[in-house]
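1. no letters, just coordinates:
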């Protein structure tokens, strides 16, 4: 009986140990691209993801600018939503959203009254990206790998700006991972 208890304890302990180990890194192109999309969306890794970066921001904080020529958090979020939707439509071979070609316009659709809806839309489009990549076959992934990688890099760049703005305005909690 004592042996059985020890064996059970050892098995339970090894299971707990295995659960606390980092998950293995992806080894396929699809896996790497999904990891990049997820870590810029809602999985903490080397930097704060988008959902954490915009969490708890008030409409006033989303509207704040450190200078007249700088973008606000709300403008950066609107810009991310535009380009993620545009690129996702391209990836899915759907009609592209209307676009004049002036990138400045992608920042200017922000209205502080719509801030809670923008936060929701950002999460939705990032989730849609992940689902689309998960569902795609290897040929589609290979043909669009550069597009997907650029979306991940673009998201990481602007999420970093959002965290920086929050630090400037004093609304960032360093316990969220970026001191």
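-> Perfect, thanks for sending it. The model shown is predicted, which means the values in this text are computed figures rather than measured ones.

2. quick one: the closest residue in space to residue 71 that isn't next to it in sequence and residue 55, what's the gap?
-> Spatially, and ignoring its direct neighbours in sequence, residue 71 is nearest to residue 107 (5.6 Å; Cβ to Cβ, 6 or more residues apart in numbering). Using the backbone N, CA and C atoms, a C-beta is placed for each residue, glycine as well. Using Cβ to Cβ, to the nearest Å, residue 107 is found at 21 Å from residue 55.

3. excluding its backbone neighbours, what's nearest the residue nearest to the spatial centre of the chain?
-> Against the mean C-alpha coordinate of the chain, by Cα atoms, centre = their mean, the closest residue is residue 41 at 1.9 Å. Spatial nearest neighbour of residue 41, chain neighbours left out: residue 126 (4.0 Å); criterion: Cβ to Cβ, 6+ apart.

4. and that neighbour, what element?
-> helix 115-135 (DSSP states H and E).

5. helices or strands up against the helix or strand just after that helix?
-> Once the chain leaves helix 115-135, the next helix or strand it forms, by DSSP H and E, is helix 138-169. Here helix 138-169 touches helix 29-39, helix 50-54, helix 73-91, helix 115-135, going by 3 or more Cβ pairs under 8 Å, 6 or more residues apart in numbering; DSSP states H and E.

6. just name the most buried of those helices.
-> Of all the helices and strands packed on helix 138-169, helix 50-54 has the most neighbours on average by mean count of other Cβ atoms under 10 Å, namely a mean of 23.

7. from the contact counts, what lies against that helix?
-> So helix 50-54, by 3+ Cβ pairs under 8 Å, 6+ apart, packs with helix 73-91, helix 115-135, helix 138-169.

8. now find how far off-centre that helix is within its chain.
-> In terms of Cα atoms, centre = their mean, to the nearest Å, the centre of helix 50-54 is set 7 Å apart from its chain centre.

9. ok, now stretch 50-66?
-> Averaging C-alpha positions (Cα atoms, centre = their mean) puts stretch 50-66 15 Å from its chain's average.

10. check stretch 108-121 too.
-> The answer for stretch 108-121 is 17 Å, by Cα atoms, centre = their mean.

11. how about stretch 95-115?
-> Distance, stretch centre to chain centre, for stretch 95-115: 19 Å (Cα atoms, centre = their mean).

12. circling back to that earlier point, nearest to residue 27, of the helices and strands packed on helix 50-54?
-> Residue 27 lies closest, by Cβ to Cβ, to one member of these: helix 138-169, at 13.3 Å.

13. backbone phi and psi for residue 172, please?
-> In terms of degrees, to the nearest 10, the main-chain angles of residue 172 are phi -90, psi 130.
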